[in-house]
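Asks: Everything below, folded, please.
(one chain, ligands or ions: 1)
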Amino acid sequence: MKNIVILISGSGSNMAAIVRAAQRDHWRKTLGAQVAAVISNRPQAEGLALAREHLIATDVVDHTRFATREAFDAELATVIDRRQPTLVVLAGFMRILTPAFVTRYEGRLLNIHPSLLPAFTGLKTHQRAIDAGCQVAGATVHRVTADLDHGPILAQAAVPVLPGDTGETLAARVLTQEHLIYPQAIADLLRNL
Ligand code: GAR
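Replies: Residues are numbered from 1 along each chain as shown. Below you'll find the predicted structure:
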């Protein structure tokens, strides 16, 4: 079985979309794949409850308990590796990862970023797109490399920026597209693994 391990920090709506797609499209049978675990760096992440509702194993590695980024990433890797991951999927995981961590999972580490990369790496992407006068915004699924938000692009979706949009309204429009392209990109990748 190809194990997918999903890392979250917050609401986990992308994680939930992946779980729903796995169930709807029978990934166990069609792709020999399953969501093996959901791991959060925040004990209070809303997505943890959602994962448990779907009877998915959950782990918490609380970053505030570690003195250094390296120590946190080392423990995170230990917890991930217990699930024997084929793919490690960052879904709203709001931590900068060390080069050692990225190298360890090279070729099997994915992220979704709420902009049309290479535009607007980093945070507050939607407000920055509005402020820049963009007429389209969107989201990108990409491989993770040591260069933050710069790995090879696997999928993108574009949405219009509408008059009167706020960061919040644009984020909501982009998020509906994230929920479509992330599961699709993962399924496409799994098919070839
Ligand atoms: C998503 O919009 C995702 O693209 C973004 O956080 C949100 C998480 O939502 N990720 C980043 O900004 C990564 N730098 P979710 O927890 O509901 O999936």
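Asks: who touches the residue of the chain found nearest the ligand in this structure?
Replies: Nearest to the ligand, among the residues of the chain, is Gly92, at 2.6 Å (CB to the nearest ligand atom). Bear in mind the C-beta positions are built from the backbone N, C-alpha and C, glycine included. Contact analysis of Gly92 by CB atoms under 8 Å, 6 or more residues apart in numbering lists Ile8, Ser9, Gly10, Ser11, Gly12, Ser13, Asn14, Met15, Gly47, Ile112.
Asks: okay, now the last one: neighbour count?
Replies: Using other CB atoms under 10 Å, Ile112 is surrounded by 25 other residues.
Asks: can you check the fifth one too?
Replies: Residues lying near Gly12 (other CB under 10 Å) number 23.
Asks: So which residues on the chain come close to the ligand?
Replies: 8, 10-14, 47, 91-92, 112-114, 139, 175, 178 (CB under 6 Å from any ligand atom).
Asks: Closest to the centroid, which residue in the chain?
Replies: When the chain is reduced to its mean C-alpha position, the closest residue under CA atoms, centre = their mean turns out to be Ala91, at 2.1 Å.
Asks: Was I right to think that one contacts Val19?
Replies: No. Ala91 is not in contact with Val19 according to CB atoms under 8 Å; the separation is 10.2 Å.
Asks: start to end distance for stretch 41-56?
Replies: Using CA to CA, to the nearest Å, the end-to-end distance of stretch 41-56 comes out at 17 Å.
Asks: Can you name the residues in contact with that stretch?
Replies: When contacts are taken as CB under 8 Å, 6+ apart, the neighbours of stretch 41-56 outside the stretch itself are 6-13, 15-16, 19, 23, 35-38, 40, 58, 60-63, 72, 76, 91-95.
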